[in-house]
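>>> model the structure of this input:
(one chain, ligands or ions: 1)
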Amino acid sequence: MLGYVALAAVLSTTFAYLIIRPIVLNLWDPKGLRKFPNHRWFSAITDFQHCHTASQGFRSKALYEAHKERGEPILRIGPNSLSFCGTRAIKDIYGHSTKCIKDDNYTILSGSHRHLFDVVDKPDHARKRRVLSAAFAIKNLEKWEYKVAYTAERLFKALDERCTGPLKGALPDPEDLTVDFNHWVNLWTIEAINYIAVSSRMDLLDKGTDQVIAEKRDGTIYRANYRLSMNQMVLVQSVWVWDYALWPWAKWLTKIIPSKYGKQWKDGETFDDVLYHQIAERLRRYLKGEKLDDFFSCMMEDKTGEPNNLEWGEIVSEISALLNAGFDTTGIAMTHHLDLLLKHPQHLETLRKELDGVLEPHEVIAPYDKVKDLPFLRAVIDESLRVIPPTSAGLPRRTPKEGASILGEWIPGDTSVNMTIYAAHRDPEIFPVPEVFNPHRWMDPDDRRRMEPNFIPFSTGSRGCLGRNISYLEQIMLLASLVHRYEFALPSPSFVVPRFEAFNMVLGPLPIKIWRRTLK
Ligand code: HEM
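Residues are numbered from 1 along each chain as shown. Alright, predicted model coming up:
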């Protein structure tokens, strides 16, 4: 009997909290958010409506299309969350002078020590950014070109081994689709960022798998999968994170109820240990007195050699963030560059002519100095980052206590606000015919200057990407070298790479046939 009473009490409290409370709050409307149209029926009542949108796999596109179809620049996507669609909102929400801060999702997903990416407090962020900025200055990065070249050579060795004969006919023989480009380019970005950040020389490109050693904090060693564990973790988090108050419950329930989410949690749990092993190995080398040049050494000492005196927990957290942020983003970008070029052979042809004009036939890896200023190469990269940004989704920010003006509307304090990068890149006033992949739009310097403030694949303002320069260096060198050395064919011209937008765009296989060009 007592059991039934307890059950009834739990059920009625849950009902009151989940259903009655939000309905009353919506009717009472203390923040005046009811004037904004709802994205979906239940958006004003529950954030789980937005979890549902996220679970469909392309949140930013769904929001962009809803804004466009309904002609509404502001949509309510949750009881306390607004989505904006209008390029002026970029400056208001993300610009250098914004008073908005990172929203609570960064806090609830953070670990024991905040890192540059998830720290919310502005002075703490500025301190962390100062420590890392010296390491990320372009002058410093260019001296690590040899690390990019070394890992790229290893990728090319693997690709050479998988080359087939030249294409006969219009479509490749399915047996000749020997390379999943997305898989291989991700192995490369993992190796490249680990070499740059912690001087680790990995063997993924020899083995062709992402299997690595993971290490628990107590020293237990086991095997895990680098990319798989990261993808599984973000896939589940990016769906359920949107109700910040109920997140611990959503996390617990999705772990215990048998479903694909339970498996994603299980596979994703190893990612922390995967990163920890790389950093712990680097510490062991440091303690042995090895002098190495990498992000790790920049964390330990400043430019003058003075110790930074950071806690070990903070160092682990910062380096983990770099190893995390620095691999899949660049891998996604590279897969899209190749996919788009293969679907637009006229642009591939123009790029090839440009590259053949500066590279010698025997050059395998394009030296950065020779290719860094090639206008069409940069135009291809930027146009691909525009059409399908690797981080396409909205990056949620929180308005300051006193509120903020966004797109000319006064938004009350402590409201979650965002504008998706996907939408920012589709304003037809700035980017005419925005759906078309047209690198030529970047070739005129005046047009470039006009478009750049609205071109935000790396976000913008004080929270913009710190890894932008190193990523461009990697993309420029690798794309130039690939296009110079190889020919490629897709399974068919209409082949679509599977995509699921988590925080970044998680991509499935891009199977290609690959063969060597005849260079004279
Ligand atoms: C094509 C490649 C890349 C893209 C599209 C990209 C995109 C972004 C975006 C959109 C943000 C803002 C995130 C937010 O506000 O939540 C960001 C931040 C950041 N990115 Fe990247 N990123 C790329 C490569 C890299 C690389 C290679 C690294 C490191 C080696 C890196 C490190 C970071 C860090 C540390 C932040 C946080 C900056 C801060 O808050 O001060 N990124 N990136």
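
>>> excluding its backbone neighbours, what's nearest whatever residue of the stretch 51-200 of the chain ends up closest to the ligand?
For the stretch 51-200 of the chain, the residue closest to the ligand is residue 117, as judged by CB to the nearest ligand atom, at 4.2 Å. Bear in mind the C-beta positions are built from the backbone N, C-alpha and C, glycine included. Computed as CB to CB, 6 or more residues apart in numbering, the closest residue to residue 117 that is not its neighbour in sequence is residue 321, at 4.7 Å.

>>> and the one you found, how close does it get to residue 494?
Computed as CB to CB, to the nearest Å, the residue 321 to residue 494 distance reads 38 Å.

>>> more neighbours: which of those two?
residue 321 (21 against 7; other CB atoms under 10 Å).

>>> ranges for the strands of this protein?
74-78, 81-84, 101-102, 179-180, 211-215, 221-225, 397-398, 404-406, 409-411, 416-419, 486-489, 499-501, 505-507, 511-516 (DSSP state E).

>>> who are the contact partners of residue 428?
Counting by CB atoms under 8 Å, 6 or more residues apart in numbering, residue 428 makes contact with residue 434.

>>> and the residue of the chain found nearest the ligand, how many neighbours does it have?
Proximity to the ligand, evaluated over the chain using CB to the nearest ligand atom, is greatest for residue 467 at 2.0 Å. For residue 467, the count of nearby residues is 19 (other CB under 10 Å).

>>> tell me which parts of the stretch 351-500 of the chain are close to the ligand?
Within the stretch 351-500 of the chain, the positions near the ligand by CB under 6 Å from any ligand atom are 390-391, 395, 457-459, 463, 465-467, 470-471.

>>> which of those sits closest to residue 379?
Among these, residue 457 lies closest to residue 379 (CB to CB), at 14.0 Å.

>>> touching, that closest one and residue 391? I think so.
Yes: the pair residue 457 and residue 391 qualifies as a contact (CB atoms under 8 Å) at a distance of 7.0 Å.

>>> list the residues that contact both of these two?
With contacts taken as CB under 8 Å, 6+ apart, the residues that reach both residue 457 and residue 391 are residue 421.

>>> more neighbours: the two, which one.
A direct count of neighbours by other CB under 10 Å for residue 457 and residue 391 places residue 391 higher, at 26 against 23.

>>> separation between that one and residue 520?
Counting by CB to CB - residue 391 and residue 520 are separated by 41 Å.

>>> for residue 305, same thing?
50 Å.

>>> packing partners of the worst-scoring helix or strand of the chain on mean pLDDT?
The helix or strand of the chain with the poorest confidence is helix 138-142; it has a mean of 77 (mean pLDDT, DSSP states H and E). Here helix 138-142 touches helix 468-485, going by 3 or more CB pairs under 8 Å, 6 or more residues apart in numbering; DSSP states H and E.

>>> which residues of the stretch 51-200 of the chain lie near the ligand?
The stretch 51-200 of the chain comes close to the ligand at residues 116-117, 129, 193, as judged by CB under 6 Å from any ligand atom.

>>> need the max-distance pair from those residues.
Pairwise distances across these peak at 18.8 Å for 129 and 193 (criterion: CB to CB).

>>> those two: which has the busier surroundings?
Each of residue 129 and residue 193 has its neighbours counted (other CB under 10 Å); residue 193 has more, 30 against 15.

>>> which residues does the residue lying closest to that one once chain neighbours are set aside contact?
Nearest residue to residue 193 in three dimensions, chain neighbours excluded: residue 326, at 3.9 Å (CB to CB, 6+ apart). Shown in contact with residue 326 (CB under 8 Å, 6+ apart): 189, 193, 196-197, 467, 470-471.

>>> one more time with 10 Å, if that's ok
By CB atoms under 10 Å, 6 or more residues apart in numbering, the contact set of residue 326 is 189-190, 192-194, 196-197, 295, 465-467, 470-471, 474.

>>> pLDDT (mean, whole number) over stretch 55-70?
Computed over stretch 55-70, the mean pLDDT rounds to 97.

>>> report the backbone C-alpha coordinates of that stretch in CSV.
Listed next in CSV are the C-alpha coordinates belonging to stretch 55-70 (Å, rounded to 0.1, in the frame of the first residue of the first chain):
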residue,chain,number,x,y,z
SER,A,55,17.8,13.7,-33.1
GLN,A,56,16.7,14.2,-36.7
GLY,A,57,20.3,14.8,-37.6
PHE,A,58,20.4,18.3,-39.2
ARG,A,59,19.3,20.8,-36.6
SER,A,60,20.9,23.9,-38.3
LYS,A,61,19.2,23.1,-41.6
ALA,A,62,15.9,22.5,-40.0
LEU,A,63,16.1,25.8,-38.2
TYR,A,64,17.3,27.7,-41.2
GLU,A,65,14.4,26.3,-43.3
ALA,A,66,11.9,27.1,-40.6
HIS,A,67,13.1,30.7,-40.4
LYS,A,68,13.0,31.0,-44.2
GLU,A,69,9.7,29.4,-44.8
ARG,A,70,7.9,31.4,-42.1
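
>>> list the buried residues for that stretch?
Within stretch 55-70, the residues that count as buried by 16 or more other CB atoms under 10 Å are 57-64, 66-67.

>>> residue 11: which of those is nearest?
Closest approach to residue 11 among the buried residues of stretch 55-70 (CB to CB): residue 59, at 31.6 Å.

>>> that closest one against residue 241, yeah?
No: checked against CB atoms under 10 Å, the pair residue 59 and residue 241 is beyond contact range at 11.6 Å.

>>> any residues in contact with both of these two?
What both residue 59 and residue 241 touch, as defined by CB under 10 Å, 6+ apart, is the set residue 50.

>>> got a list of what residue 144 touches?
Counting by CB under 10 Å, 6+ apart, residue 144 makes contact with 135, 192, 195-197, 293-295, 470, 473.

>>> now, the residues you listed that are in helices?
135, 192, 195-197, 295, 470, 473 (DSSP state H).

>>> and the two most separated of these?
Greatest spacing in these, by CB to CB: 135 and 192 (15.4 Å).

>>> who has more neighbours, the two?
residue 192 (29 against 21).

>>> could I get the full set of helices for the stretch 151-300 of the chain?
Along the stretch 151-300 of the chain, the stretches classed as helices by DSSP state H, counting those that start in this stretch are 181-198, 204-207, 226-240, 247-256, 260-268, 271-287, 295-300.
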